[in-house]
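>>> Sequence first, predicted model second:
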Number of protein chains: 2
Amino acid sequence: MHTGKRVLIVDDEAPIREMIMVALEMAGYETLEAANAKDAHSVIVDEQPDLILLDWMMPGTSGIELAKRLRSDPTTKDLPIVMLTAKADEDNKIQGLENGVDDYITKPFSPRELVARLKAVLRRTTPAGQEDAITVSGLTLDPGSHRVYADQSPVEMGPTEFRLLQFFMTHQERAYTRGQLLDMVWGGNVYVEERTVDVHIRRLRKALGDSFGAFIQTVRGTGYRFSTNI
Amino acid sequence: MHTGKRVLIVDDEAPIREMIMVALEMAGYETLEAANAKDAHSVIVDEQPDLILLDWMMPGTSGIELAKRLRSDPTTKDLPIVMLTAKADEDNKIQGLENGVDDYITKPFSPRELVARLKAVLRRTTPAGQEDAITVSGLTLDPGSHRVYADQSPVEMGPTEFRLLQFFMTHQERAYTRGQLLDMVWGGNVYVEERTVDVHIRRLRKALGDSFGAFIQTVRGTGYRFSTNI
DNA sequence: AACTGCGGTCATATTTTTGTAACCAGATGG
DNA sequence: CCATCTGGTTACAAAAATATGACCGCAGTT
């Protein structure tokens, strides 16, 4: 079974990370790891995992602190977070849920339980952008067939334009800087000129034609935005 | 483009510092320099740079030592650090990351890569600002989408007008002089005529139309005020 | 090797934005 | 009612940001 989903494990204790990694990899997930909140943040930006498994208690920035930060950043606010905690502390649980954590697992836990919970969280958080086609005002993007339709007729575009459009259609009505788009669409760790974004925006608009291309709006001094509200 | 970000370069070799300074200044950064850890510390305290670029190997206190020290001091623990090292030594990298270094560049490197990495680090360490939309009497300003709505319909305006309105909507019912507005909206250390404010007020009022423009009120002899109380 | 698709960069148009100056008009104070 | 202030408007040129077209190089094909 291959979900291809990537899970980032954040815990300061290496043996625990190791144990979890083994469990998840046996279940068909890919894993990434980080020993502290700061590293975790870098990995998130660079690798864009599908879910993050976060230890509550860590030296330095605590798990809850990191969760809060991820929630407040528009580029990571939809990233599912599952909290790990050593004690079944109800207060923590409440606090965690209030901060938008998606689930909560108390140590010790069985690998079986862990995998089951992750699967549940992923099931209810992913269909948004991964599986189903999105349609807005006659423009349809289907991740399954990897195709885009403008009023039923197929539109040709390159892979980067496709990902860019996919990102925009799943994040409408919000302005993104070129830097943010590079992080989200190109992925971190790649160092390309910000102006390159302009060029791909251009290619995307051209592919979409005048009427649909108008959804991709320039926000002067900031970046771009997808909106059907012209 | 002026980011205004200040980068402190710490390296014992003057030519290297020089080279880096040129590269960064061309990219719009302000630079500071220090030849050793001790000087660096003074500069950090005095000038409070936004990021520090730190050579690994230096006579006296090593870069990693300084990094550790900066991390342990509460006043500097959030200061982003990028390490420079002559050799692509994986061990160093690990050690560096464990000590909370934000990124790591191995010499030799291209100015392009350097600038790109610094930009990426600053991007992920600079916290996001105000995110929630503000609505007053049918006038909505949404920082997220970077849009203004007057009774649901989008209003077009330039970046400066947007910032001006944002300032006003977050500081209502209070008169500001042109000088204060220049400081708060344009930012300090820019020299522009005070009368320029009048022109932007005019543009903002025009964009908002008669009814909403009336919220921007002239306070004769003083400056302007935002108030829904006509 | 020639061809092709794609991504990134650059140089050059084009469009917007911005700051100022000049000129007006209403308010203020004798 | 006049002399002045203070703010309102407009026009305009410089500056900044974005759009666009062309080019180059790298992989994968033919």
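Happy to help now that I have it.
>>> distance of residue A:110 from residue A:102?
20 Å (CB to CB, to the nearest Å). Heads up, the C-betas are built off the backbone N, CA and C, glycines and all.
>>> For those two, indicate the residue with more neighbours.
It is residue A:102, of residue A:110 and residue A:102, that has more neighbours when counted by other CB atoms under 10 Å in any protein chain shown, with 21 against 9.
>>> pretty sure the more buried one is touching residue A:82, no?
Yes - contact criterion CB atoms under 8 Å: residue A:102 and residue A:82 qualify, at 6.0 Å.
>>> chain center to stretch A:22-39, what's the gap?
Relative to its chain's centre, stretch A:22-39 lies at 16 Å (CA atoms, centre = their mean, to the nearest Å).
>>> Equivalent analysis for stretch A:140-160, please.
The answer for stretch A:140-160 is 21 Å, by CA atoms, centre = their mean.
>>> What residues sit buried inside it?
A:140-141, A:143, A:148-150, A:155, A:157, A:160 (16 or more other CB atoms under 10 Å in any protein chain shown).
>>> least confident pick among those?
Least confident of those in the model: residue A:143, at 86.
>>> returning to that earlier point: got any residues that touch both of residue A:102 and residue A:82?
residue A:121 (CB atoms under 8 Å, 6 or more residues apart in numbering or on different chains).
>>> between the buried residues of stretch A:140-160, which is nearest DNA strand D?
Closest approach between these and DNA strand D, by CB to the nearest atom of the strand: residue A:160, at 11.9 Å.
>>> Now do the same contact list for the closest one.
If you count contacts by CB under 8 Å, 6+ apart, residue A:160 has them with A:185-186, A:200.
>>> So which of those sit within helices?
The helices, defined by DSSP state H, take in residue A:200 from the contacts of residue A:160.
>>> returning to that earlier point: DNA strand C: which of the buried residues of stretch A:140-160 is nearest?
DNA strand C lies nearest to residue A:160 out of those, by CB to the nearest atom of the strand, at 3.4 Å.
>>> Check which helix or strand that closest one maps to.
For residue A:160, the element it lies in under DSSP states H and E is helix A:159-170.
>>> Return that helix as CSV; C-alpha atoms alone will do.
The C-alpha atoms that make up helix A:159-170 are tabulated as CSV, following Å, rounded to 0.1, in the frame of the first residue of the first chain:
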residue,chain,number,x,y,z
PRO,A,159,3.7,21.2,-15.2
THR,A,160,4.8,24.3,-13.3
GLU,A,161,1.8,26.2,-14.6
PHE,A,162,-0.4,23.3,-13.5
ARG,A,163,0.9,23.3,-10.0
LEU,A,164,0.7,27.1,-9.8
LEU,A,165,-2.9,27.0,-10.9
GLN,A,166,-3.6,24.2,-8.5
PHE,A,167,-2.2,26.2,-5.7
PHE,A,168,-4.2,29.2,-6.6
MET,A,169,-7.4,27.3,-7.0
THR,A,170,-7.0,25.8,-3.6
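>>> where's the residue nearest in space to the middle of chain A, which helix or strand?
With distances taken as CA atoms, centre = their mean, the residue of chain A nearest its centroid is residue A:79 (4.6 Å). Following DSSP H and E, there is no helix or strand that holds residue A:79.
>>> Point out the residues in chain A that sit beside chain B.
Within chain A, the positions lying close to chain B (CB under 8 Å from any CB of the partner chain) are A:35-36, A:38-39, A:41-42, A:45, A:60, A:69, A:72-74, A:173-175, A:179-180, A:183, A:188, A:191-192, A:219-222, A:225, A:227, A:229.
>>> how far away is the closest residue to DNA strand C within chain A from residue A:148?
Nearest residue of chain A to DNA strand C: residue A:158, at 2.9 Å (CB to the nearest atom of the strand). Per CB to CB, residue A:158 is found 11 Å from residue A:148.
>>> Next step: the buried residues of stretch A:140-160 restricted to helices.
Counted as lying in helices by DSSP H, out of those, are residue A:160.
>>> Let me see the ranges of the strands in chain A.
Under the criterion DSSP state E, chain A contains strands at A:6-10, A:30-34, A:51-55, A:81-85, A:103-106, A:134-136, A:139-142, A:147-150, A:153-155, A:175-177, A:216-219, A:223-226.
>>> mind giving me JSON lines with these and columns for distance to DNA strand D?
Below are the strands of chain A laid out as JSON lines (distance: least, CB to the nearest atom of the strand, whole Å):
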{"stretch": "strand A:6-10", "distance to DNA strand D": "22"}
{"stretch": "strand A:30-34", "distance to DNA strand D": "21"}
{"stretch": "strand A:51-55", "distance to DNA strand D": "30"}
{"stretch": "strand A:81-85", "distance to DNA strand D": "32"}
{"stretch": "strand A:103-106", "distance to DNA strand D": "39"}
{"stretch": "strand A:134-136", "distance to DNA strand D": "20"}
{"stretch": "strand A:139-142", "distance to DNA strand D": "18"}
{"stretch": "strand A:147-150", "distance to DNA strand D": "17"}
{"stretch": "strand A:153-155", "distance to DNA strand D": "16"}
{"stretch": "strand A:175-177", "distance to DNA strand D": "9"}
{"stretch": "strand A:216-219", "distance to DNA strand D": "3"}
{"stretch": "strand A:223-226", "distance to DNA strand D": "6"}
